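In: A predicted structure for the sequence below; I have some questions about it.
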Amino acid sequence: MSEERSLNFIEEIVEEDLQSGKHGGRVLTRFPPEPNGYLHIGHAKSICLNFGLAHKYGGNTNLRFDDTNPTKEDVEYVDSIKEDVKWLGFDWAAELYASDYFDTLYDFAVSLIKKELAYVDDSTAEEIAAQKGTPTEPGTPNQYRSRSVEENLQMFADMKAGKYPDGAKVLRAKVDLASPNMQLRDPLMYRIKHAHHHRTGDKWCIYPMYDFAHGQSDAIEEITHSICTLEFIPHRPLYDWFIEQLDIFPSKQYEFARLNLNYTVMSKRKLLQLVEDKHVEDWDDPRMPTISGLRRRGYTPASIRDFCERIGVAKRENMIDVSLLEFCIREDLNKTAWRRMAVLDPIKLVITNYPAGKTENLFSENNPEVEGGEGGRELPFSNELWIERDDFMEEPPKKFFRLGVGLMVRLKSAYIIKCESFTKDEQGNVKEIQCAYIPESKSGHDTSGINVKGTIHWVSVPHAQTAEVRLYDRLFRVEDPSNEDGDFKEYLNPESLHVIPDAYIEADLTNAIPGKGYQFIRKGYFTLDKHSIAGKLVFNRTVTLKDGWVKK
RNA sequence: UGCCCGAUAGUAUAAAGGUAGUACGACGGUUUUUGGUACCGUUUGUCUAGGUUCGAAUCCUGGUCGGGCAACCA
């Protein structure tokens, strides 16, 4: 029972409940997505909260699909949600659907009609809206509000039987048309939708609204702590009202502030637009803040869980810096990713005093962060190498610890070299760099006594393989695209994807394992994209390395 | 204009009437065969005006600012 971190406000509530013996010490939470889109990092916060809370206090969590609106939902989304929750590392106690309760919910509605707490309203949507009044003016009752129990019962049954077209009638709760809380002004409980449901098929043509499904589902499952986001605060009195009138299990609702991340958007509606308008490849485009996008980008479940832990849980609106997410994945990958070498923007380097045609196999460890290096691989070395174009400067400034005529660097896991000269092509671009190597400076057996400041990565020209490398930048140019004038899509970053069709990679990288993270030394963390095939590998850059070098 | 929620360094998040702390960021340094990692250090904060109290980030009142609520969405 070591208490490293102080409790968040929801944990405090749970601990109080546990101490007072509420629910016999039982904790049951639920994660209740609507299957109308893919899960994103904001959902990850909710998942970690709900599952984490239950796990911490010896309870369980249900996965419940809030599938009360058949026109927006699909099994494709159900499947992706299950996959994403599992991938994040969580197991649900039961896989449930609000649609499992449609019969019970119908009976609940009938019982409210009998208690004169619900009525069938024939008004149009516009009329109902008008009759609700405004925040400063009370609503006004219409003639349908005083219908008899018998008539309501009959009409509600007829609604269910399909006797009316969409929109002809709704069932409303009779609460308080003058309430200062708009949610209480006789909210809708059921609407008519002659639509095919992905689970119940054509059995129903009336569907319960969120407010008459969510709390009831919580009660049916005997959820002890129903955790949702801030915008549902005004719904809480209604949540409690239905439960009280129905006299069912007293689940309680608690609200926390949803996650906002800068330089992206987080609403399913907007993410769907990006997919439909082809601004991104799909829901799992590596630039998307979706769980599947982050997975494809190379994020690990542990890094996302760590992120959710670090951002905390409170009731204050927040905007989290993506740099924190990046910190979390770097921290994870630094410990686990195997080091490899790849040259993204190549320039040729020739070692003038190394025999042409000779190949030497050097050794380089997989992971310097682990004792023993987790083994290693052979690195073929020759007199012609690819190095990074920006590791050479014609006129290097003082603090430039790389190549320039007269400067020395170490080639990672190989030799120290000294730059002697360079040649240019007709356009005046540097074409080739000539260096001499120091034979006594071989990595691991260095007797040269020479100390160099810089070490650069390289790939042997005759042994190099090629791969497509995709570099990503933030999806939007502004911190909060939803808050800018005009359409949020105007603020997309036109340079969010940079494709390098044929980068040079070291030979061993052709054995790269899908799903594993690799650090391309000095270039960042990369992972194989799902579109990779043998002979045509594609790597996604998950994140750059932190760059401490300040250019001036 | 009504009701509801909130306000602590740049960003988040602690401190339950008693020393404002932590993480990320930024900045500086040490180490380093990755300008990475690791380690060390520095920096910046209680929205405002009153009140209660020996003592207020915390309790009370007014104000300011931000967010939410008037979908047959969730």
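Out: All right, it came through fine. Numbers count the residues shown, from 1 in each chain, chains lettered A, B, ... in the order given.
In: need the residues of the stretch 401-550 of chain A near RNA strand B, please.
Out: Contact residues (Cβ under 7 Å from any atom of the strand) of the stretch 401-550 of chain A with RNA strand B: A:401-402, A:410, A:412-413, A:442-444, A:446, A:454-457, A:483, A:519, A:521-522, A:545-550. (Glycine included, C-beta is placed from N, CA and C.)
In: Buried ones among these?
Out: Using 16 or more other Cβ atoms under 10 Å as the burial test, these include A:402, A:410, A:412-413, A:442-443, A:455-457, A:519, A:521-522 as buried.
In: ok, which pair from these is furthest apart?
Out: Using Cβ to Cβ, these span at most 23.3 Å, a distance reached by A:Lys442 and A:Gln519.
In: quick one: low-confidence parts of chain A?
Out: A:1-5, A:551-552 (pLDDT under 70).
In: And the helices in it?
Out: Counting by DSSP state H, chain A has these helices, from start to end: A:9-20, A:41-56, A:75-87, A:102-114, A:125-131, A:149-161, A:214-221, A:236-246, A:268-276, A:291-297, A:301-311, A:322-336.
In: Now tabulate the buried ones among the residues of the stretch 401-550 of chain A next to RNA strand B in TSV and tack on distance to A:Gln253.
Out: Conversion of these to TSV gives the following (distance: Cβ to Cβ, whole Å):
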residue	distance to A:Gln253
A:Arg402	59
A:Arg410	61
A:Lys412	56
A:Ser413	58
A:Lys442	67
A:Ser443	62
A:Thr455	57
A:Ile456	57
A:His457	54
A:Gln519	45
A:Ile521	50
A:Arg522	50
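In: And those, which is closest to A:Gly89?
Out: A:Gln519 (23.0 Å).
In: Next up, the contacts around the closest one.
Out: A:333-334, A:337-340, A:525-526, A:545 (Cβ atoms under 8 Å, 6 or more residues apart in numbering).
In: ok, so what distance separates the closest residue to it other than its chain neighbours from RNA strand B?
Out: Leaving out its chain neighbours, the residue that sits closest to A:Gln519 by Cβ to Cβ, 6 or more residues apart in numbering is A:Ala337, at 4.4 Å. Separation of A:Ala337 from RNA strand B (Cβ to the nearest atom of the strand, to the nearest Å) stands at 8 Å.
In: what does A:Lys203 give?
Out: From A:Lys203 to RNA strand B the distance is 17 Å (Cβ to the nearest atom of the strand).
In: Equivalent analysis for A:Glu432, please.
Out: Applying Cβ to the nearest atom of the strand to A:Glu432 and RNA strand B gives a distance of 21 Å.
In: Repeat that for A:Ile533.
Out: Taking Cβ to the nearest atom of the strand, one finds A:Ile533 at 28 Å from RNA strand B.
In: So what's the residue count around A:Asp103?
Out: Other residues within reach of A:Asp103, judged by other Cβ atoms under 10 Å, total 12.
In: for it, what are its contacts?
Out: Neighbours of A:Asp103 in contact, by Cβ under 8 Å, 6+ apart: none.
In: now the one residue in the stretch 451-552 of chain A that gets nearest to RNA strand B: how far from A:Trp458?
Out: Closest residue of the stretch 451-552 of chain A to RNA strand B, Cβ to the nearest atom of the strand: A:Gly548 (2.5 Å). Computed with Cβ to Cβ, to the nearest Å, the distance linking A:Gly548 and A:Trp458 is 21 Å.
In: likewise A:Asn361?
Out: For A:Asn361, the distance to A:Trp458 - Cβ to Cβ - is 15 Å.
In: okay, those two: which has more neighbours?
Out: Applying other Cβ under 10 Å to A:Asn361 and A:Trp458 shows that A:Trp458 carries more neighbours, namely 27 against 10.
In: Let me see the contact set for the more buried one.
Out: Residues A:341, A:343, A:349, A:385-387, A:411-412, A:414 are the ones in contact with A:Trp458 under the rule Cβ under 8 Å, 6+ apart.
In: what's the answer for A:Tyr97, then?
Out: A:64-65, A:67, A:199.
In: Let's see which of the residues you listed end up in strands.
Out: When DSSP state E is applied, the contacts of A:Tyr97 are split such that A:64-65 fall in strands.
In: which of the contacts of A:Tyr97 tops the neighbour count?
Out: A:Asp67 (27 neighbours).
In: hang on, isn't it packed against A:Glu73?
Out: Yes: between A:Asp67 and A:Glu73 a contact is recorded at 5.2 Å, counting by Cβ atoms under 8 Å.
In: Mutual contacts of the two, please.
Out: Common neighbours of A:Asp67 and A:Glu73 (Cβ under 8 Å, 6+ apart) are A:34-35, A:197-198.
In: Give me the nearest residue to whichever residue of the stretch 351-500 of chain A sits closest to RNA strand B, chain neighbours excluded.
Out: Using Cβ to the nearest atom of the strand, the closest approach of the stretch 351-500 of chain A to RNA strand B is made by A:Ser443 at 2.5 Å. Nearest residue to A:Ser443 in three dimensions, chain neighbours excluded: A:Ser413, at 4.9 Å (Cβ to Cβ, 6+ apart).
In: before we move on, what about A:Ala125?
Out: Of all residues not flanking A:Ala125 in the chain, A:Gly167 sits nearest, at 6.9 Å (Cβ to Cβ, 6+ apart).
In: Now do the contacts for the one you found.
Out: By Cβ under 8 Å, 6+ apart, the neighbours of A:Gly167 are A:124-125, A:191-192.
In: quick one: which of the contacts of A:Trp458 has the most company?
Out: A:Leu385 (29 neighbours).
In: Just to check, it is in contact with A:Val409?
Out: No: between A:Leu385 and A:Val409 there is no contact under Cβ under 8 Å: 11.9 Å.
In: Quickly list what's touching both of the two.
Out: With Cβ under 8 Å, 6+ apart as the test, A:Leu385 and A:Val409 reach no residue in common.
In: need the contact list for the closest residue in space to A:Ile41 that isn't next to it in sequence.
Out: Sequence neighbours aside, A:Pro289 is the residue nearest to A:Ile41 in space, at 4.9 Å (criterion: Cβ to Cβ, 6+ apart). Contact partners of A:Pro289, counting by Cβ under 8 Å, 6+ apart, are A:40-42, A:261, A:264-266, A:271, A:475.
In: switch to 7 Å and redo it
Out: Taking Cβ atoms under 7 Å, 6 or more residues apart in numbering, we find A:Pro289 in contact with A:40-41, A:261, A:264, A:266.
In: My read is that A:Leu63 contacts A:Asp84, right?
Out: No: A:Leu63 lies out of contact with A:Asp84 (Cβ atoms under 7 Å); the separation is 10.8 Å.
In: Tell me how far A:His214 lies from A:Ile13.
Out: Using Cβ to Cβ, we find A:His214 at a distance of 19 Å from A:Ile13.
In: Looking at these two, which is more packed in?
Out: Applying other Cβ under 10 Å to A:His214 and A:Ile13 shows that A:His214 carries more neighbours, namely 25 against 16.
In: Kindly provide the distance from that one to A:Ser148.
Out: Following Cβ to Cβ, the distance that separates A:His214 from A:Ser148 is 30 Å.
In: if we can go back for a sec, can you narrow the contacts of A:Gly167 down to the ones near RNA strand B?
Out: Near RNA strand B, by the rule Cβ under 7 Å from any atom of the strand, you find A:124-125, A:191-192 out of these.
In: Report the buried members of the residues you listed.
Out: Looking at the ones next to RNA strand B among the contacts of A:Gly167 with 16+ other Cβ under 10 Å, the buried ones turn out to be A:191-192.
In: Tell me which of the ones next to RNA strand B among the contacts of A:Gly167 fall in strands.
Out: Reading strands off those with DSSP E, I get A:191-192.
In: Check the ones next to RNA strand B among the contacts of A:Gly167 against A:Arg305 and report the nearest one.
Out: A:Arg191 (38.5 Å).
In: who are the neighbours in contact with A:Asp284?
Out: Counted by Cβ under 7 Å, 6+ apart, A:Asp284 has contacts A:290, A:292-293, A:296.
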